[in-house]
Every structure is written in structure tokens, then in C-alpha cells.
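In: Predicted model and sequence below, questions to follow.
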Amino acid sequence: MSAYEWLLMLHITGAFLLMGGGAAAAVLNIGAWRAETPGEIALLLRLIQRAVVPVIGAGSLLTLVIGLWLVHHVGYSYGTFWVWGAIVLWVVGNALGGRGGRHQAKARIEAERLAATGSATTDELRALVRDPVGNVLSWASGLAIVLVLVLMVWKPGQ
């Protein structure tokens, strides 16, 4: 395999990790919305934190580092719209995801506290899990990353 093929394979692997991790986080988050007990909510949100976030982080790192390497290797200009657009959307997507994750962490901590005491699900916990700000941040993060993928495939102006 050529260097280009290796770089492309690693870049696409990163994209799969990033997109797959984001999709898994969305599914687990929806599961937490529907969960009945604090223990179930805590488990689902803990899975996002401990299993999915590292996958998203690895995918984010691979897509950025290998993507920039590919731009250099192929000879694309770093000044083209689709390269800058992808970088900006990548930063925005990761920033929004981090902020949304902090909202989920509050819900997870409350769910773990209630589960440890054997308490039932409270209105406060439900409000934290369904927090519109945290959920909009997380879903907007996913949208930004999907737009990065669109730019990577379409490459407008290239």
C-alpha cells in the first residue's frame, strides 16, 4: 500500500470512530431519556462517559491529524474553503460535544446519587436528563461533525 492509501485508511477509520461514537452516544442518551430508574439512567450515561467518549476522542484526533497530513501529502491548499470549513466545523463540533457532555455529567452524578440511596427517579433527575440546553449542544455537535463529513466527500471548490 502507498503512503496515501495508509493515510486515507487511517483518516477514514478516525471518521468511523468519530461518527460511530457520536451515534452510540445519541442512542445511549435516548435510552437514558426513556429509562425508568436512576440506576438505569446512571448506567447509560456512564457508558457514554467511559466507553463512548474515548472512541470519539480517538476518532477526533485521527481525523484532524491524519486529515491535515493528507492535505499536505496530496498537495491540496490549506487555504481552500473545504479545508478551512472542515477544521472550523471540527472545532465547533468538538466544543459543542464537550459542553453537552458536561450537562450529561450533571445528570449522571445525580442519577448515581439517587441509585446509591435506592431512591426513585425524581423530577429533578428527569429535568437534568432532558435538559434542552445540554441536548441541543450534543445534537448540534453531531450535526457539525456530519457537515465535516459532507465537506470531506464533496470538497467544494476543489
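Out: Structure received.
In: Only C-alpha atoms from now on, for both contacts and neighbour counts.
Out: OK.
In: Going C-terminal from the biggest helix by length in the chain, what's the next secondary structure element?
Out: Counting by DSSP state H, the longest helix found in the chain is helix 81-117. Proceeding N to C from helix 81-117, the next assigned helix or strand is helix 123-129, under DSSP states H and E.
In: And the most centrally placed residue in the chain, what's its pLDDT?
Out: Closest residue to the average C-alpha location of the chain: Gly22 at 4.0 Å, with C-alpha atoms, centre = their mean. Gly22 is assigned 95 on the pLDDT scale.
In: if I look at it, how far off is Ile56?
Out: Relative to Ile56, Gly22 is positioned 7 Å away (criterion: C-alpha to C-alpha, to the nearest Å).
In: Which positions within the helix or strand harbouring Trp139 qualify as buried?
Out: Using DSSP H and E, Trp139 sits in helix 132-154. Neighbour counts over helix 132-154 (16 or more other C-alpha atoms under 10 Å) mark 134-135, 137-142, 144-149, 151 as buried.
In: what is the mean pLDDT for that helix?
Out: For helix 132-154, the mean pLDDT works out to 96.
In: Outside of it itself, list whatever touches it.
Out: 15, 19, 22, 26, 82, 85-87, 89-90, 92-97, 99-104 (C-alpha atoms under 8 Å, 6 or more residues apart in numbering).
In: Can I get stretch 62-81 in CSV? Just the C-alpha atoms.
Out: Presented in CSV, the C-alpha positions along stretch 62-81 are these (Å, rounded to 0.1, in the frame of the first residue of the first chain):
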residue,chain,number,x,y,z
LEU,A,62,-7.2,10.7,13.9
THR,A,63,-9.4,12.8,11.7
LEU,A,64,-7.7,16.0,12.4
VAL,A,65,-4.1,14.9,12.5
ILE,A,66,-4.3,12.4,9.6
GLY,A,67,-6.6,14.8,7.7
LEU,A,68,-4.1,17.6,7.9
TRP,A,69,-1.3,15.2,6.9
LEU,A,70,-3.4,14.1,3.9
VAL,A,71,-3.9,17.7,2.8
HIS,A,72,-0.1,18.2,2.8
HIS,A,73,0.6,14.8,1.2
VAL,A,74,-1.8,15.2,-1.7
GLY,A,75,-0.9,18.8,-2.2
TYR,A,76,-4.2,20.5,-1.5
SER,A,77,-4.0,24.1,-0.4
TYR,A,78,-4.6,24.6,3.3
GLY,A,79,-6.4,27.8,2.3
THR,A,80,-9.2,26.2,0.3
PHE,A,81,-12.8,26.6,1.6
